[in-house]
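# structure for this input, please:
(2 chains)
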Amino acid sequence: MNIDRPPRLAQLWLLFVTTLLAAPIVWMVLSSLKSPEQIAAAPYSWWPRPWRWGNYAEAVQAIPFLRYLGNSVVLCLGSVAGTLFSCSLVAYGFSRLRWPGRDLVFGLLIATMLLPWQVTMIPRFLVIRELGLYDSLWALVLPKFFGEAFYIFLLRQFFLTVPQEMIDAARVDGCSELGVLWRVMLPLARPALATVALLETIAAWNDYGGPLLYLNDPKRFPLAYGLEQFVSAHSSETHLLLAAAVLFTLPMVLLFFFAQRAFVRGVTTTGIKG
Amino acid sequence: MQRRELQLGIAMIGPWLIGFFVLTLYPFCASFYWSFCDYDLLSEPRWVGLSNYRRLASELASGGPFSRALANTAYYALTSVGLSVVLGIALAVSLTWQVRGRALYRMLCFLPTVVPTVAAAVLWMGLLDPQQGLVNGVLESVGLSSQGWFQSTSAAAWPPAWPGDHAGRILGSKDGLVLMSLWGIGNLLVIYLAALADVPKGLYEAAELDGAGRLRQFRHITLPMLTPVIFFNVVMGLIQSVQAFTQIYLVSDGQGDPAGSTLTLSLHLFLTAFKDLDMGYASAMAWVLFVLVMLITTWLFRTSRHWVI
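Model prediction:
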């Protein structure tokens, strides 16, 4: 028990470290409310004087913010729908159905997780282009309908914990396999599905490489990519840039506070952020 | 009966299977084939044998962009993973102490990880601005010299000096990237905390009875019990940092600035493919990256026998 007894100065040390980690966020929010003159002024002052809430209105008008936001929302919803649909089907096939060669194919699925994305990047780009999806949000959404190894693995682990009796009972009552999945597994797996949905939302919201490769028309840019366009166009207007960055970050912070448990569950199973 | 089972199973995993063939297996084979070709997307790939790989080898020998990319990648991966292990364990242990406000401390440590990469890049480019940035301001106010960060090369790495750079500026662009990655240490902390919670309390009680102090308990109980998780984090960390792209692309103006000091393998590969349209050469690079990742993983698994319990 004694190991968690704090040593002397524990509070001071923890305060120091957490201040270091949190300070950049505080800095970002406060700077987004300053005037450009105050940002450039030395010596540095933390507190905005005056508070320029107008920075936010200006930042939103400086780029087609609402359009980008709309694209990001479509991207997130489409990706989550595709991921949940494909991964739950596939995870069921890998956990509660027995068929010859299953474990071998599952090993293959796990092996794909070790493949660096750079190896398949170029031919994949050409496949998507051949399908006529270049410069469309479908280029980013459609691949999600084919499942993602890591989410399949996560859901499979969860499906394996469901007692066999429940599945047998459903089958005896005349449920098809899809019925078992829909009526028994998915309702029970709600926490795991929530984790997958959460991780995929974050991944889709944050994705920068996808739009960089596949999108060309600014009308289709999601926020993550649109924000970068803002960087190149307004690199001298730090205050507006930071206001836009705060607006872009805010939904993720809210998501974190509302779904903290699903968050932690995701990280402990994976060790990776989307 | 067996055939019906097989049909049902294949049907269920169908979506993944289609994706596997079209979006993974075909690209995997195609990129291997193209790594032996000259291919600019406009005309058909033309077989050139080993010439792409020979070009990589000659760049490696002459110190061309590829050798720079390798050196940059190694510097970034080793520094960020090494520091993240030491700081991660130290911080996770601190967060197990029963102090007032522990839940708040834990939350604050995790908070930076929810900031999207694009926003984090914007944020750190502002904080690390050599002239107006807060970090240099703090360094100067405590009597240290200001650093060049994203606008200078690192003195500690290749290439060693940035023309016109003055003395005292040790930390450059790659160190800025390492700092950014350490800021997101919260993900590791969650894993370390979960592992620390699994260490049987009885071990500490027994050690306490034997008169072992805090440091000896850490050295002989905590650390050995953490080795499997450390191993996992080192493997994942190396694989991820070798493949890191977005933050590097963003802070380097999309081209490895300044002076190629942030030109990592993945950035070099991307630019070769989609800026120079040299798909064959880029594919060869991708395969070198793949082999590198495989070698690192195998080597870690082999050495793990000696230190992971």
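
# where does A:Ile272 land on pLDDT?
Here the pLDDT value assigned to A:Ile272 is 42.

# and the residue of the stretch 51-200 of chain A closest to chain B?
A:Phe146 (2.4 Å; CB to the nearest CB). Just so you know, the C-beta spots here come from the backbone N, C-alpha and C atoms, and that holds for glycine as well.

# need the contact list for that residue.
A:86, B:15-16, B:18-20, B:22-23 (CB atoms under 8 Å, 6 or more residues apart in numbering or on different chains).

# quick one: low-confidence ranges for the chain?
By default, I'm working from chain A. A:1-2, A:234-235, A:264, A:266-274 (pLDDT under 70).

# sorry, should have said chain B
In the predicted model, chain B carries pLDDT under 70 at residues B:1, B:154-169.

# give me the buried entries from the contacts of A:Phe146.
Buried residues within the contacts of A:Phe146, counting neighbours by 16 or more other CB atoms under 10 Å in any protein chain shown: A:86, B:15-16, B:19-20, B:22-23.

# nearest to A:Pro43, of those residues?
Closest approach to A:Pro43 among these (CB to CB): B:Leu23, at 54.0 Å.

# A helix includes that closest one, no?
Yes. If the criterion is DSSP: H, G, I helix; E, B strand; the rest coil, then B:Leu23 is within a helix.

# out of the contacts of A:Phe146, which sit inside helices?
Mapping the contacts of A:Phe146 onto helices (DSSP state H) picks out A:86, B:15-16, B:18-19.

# in the residues you listed, find the pair that's most separated.
A:Ser86 and B:Ile18 (9.7 Å).

# so stretch B:18-27, near chain A or not?
Yes. Against chain A, stretch B:18-27 shows contacts by CB under 8 Å from any CB of the partner chain at B:18-20, B:22-24, B:26-27.

# grab the most central residue of chain A for me.
Centroid-nearest residue in chain A: A:Ile202, 1.6 Å away (criterion: CA atoms, centre = their mean).

# now the helices for the stretch 151-300 of chain B?
Shown for the stretch 151-300 of chain B, the helices assigned by DSSP state H, counting those that start in this stretch span residues B:173-183, B:186-197, B:201-209, B:214-217, B:223-243, B:246-251, B:265-274, B:279-307.

# for stretch B:112-125, output the C-alpha coordinates as PDB.
Output of stretch B:112-125 as PDB, limited to C-alpha atoms (Å, rounded to 0.1, in the frame of the first residue of the first chain):
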ATOM      1  CA  PRO B 112      -3.400  17.600 -24.700                       C
ATOM      2  CA  THR B 113      -4.000  14.300 -26.600                       C
ATOM      3  CA  VAL B 114      -7.500  15.400 -27.600                       C
ATOM      4  CA  VAL B 115      -6.100  18.400 -29.500                       C
ATOM      5  CA  PRO B 116      -6.200  17.400 -33.200                       C
ATOM      6  CA  THR B 117      -2.700  17.200 -34.900                       C
ATOM      7  CA  VAL B 118      -3.500  20.200 -37.200                       C
ATOM      8  CA  ALA B 119      -4.400  22.400 -34.200                       C
ATOM      9  CA  ALA B 120      -1.400  21.100 -32.200                       C
ATOM     10  CA  ALA B 121       0.900  22.100 -35.100                       C
ATOM     11  CA  VAL B 122      -0.600  25.600 -35.300                       C
ATOM     12  CA  LEU B 123      -0.300  25.900 -31.500                       C
ATOM     13  CA  TRP B 124       3.300  24.800 -31.300                       C
ATOM     14  CA  MET B 125       4.500  26.800 -34.300                       C
END
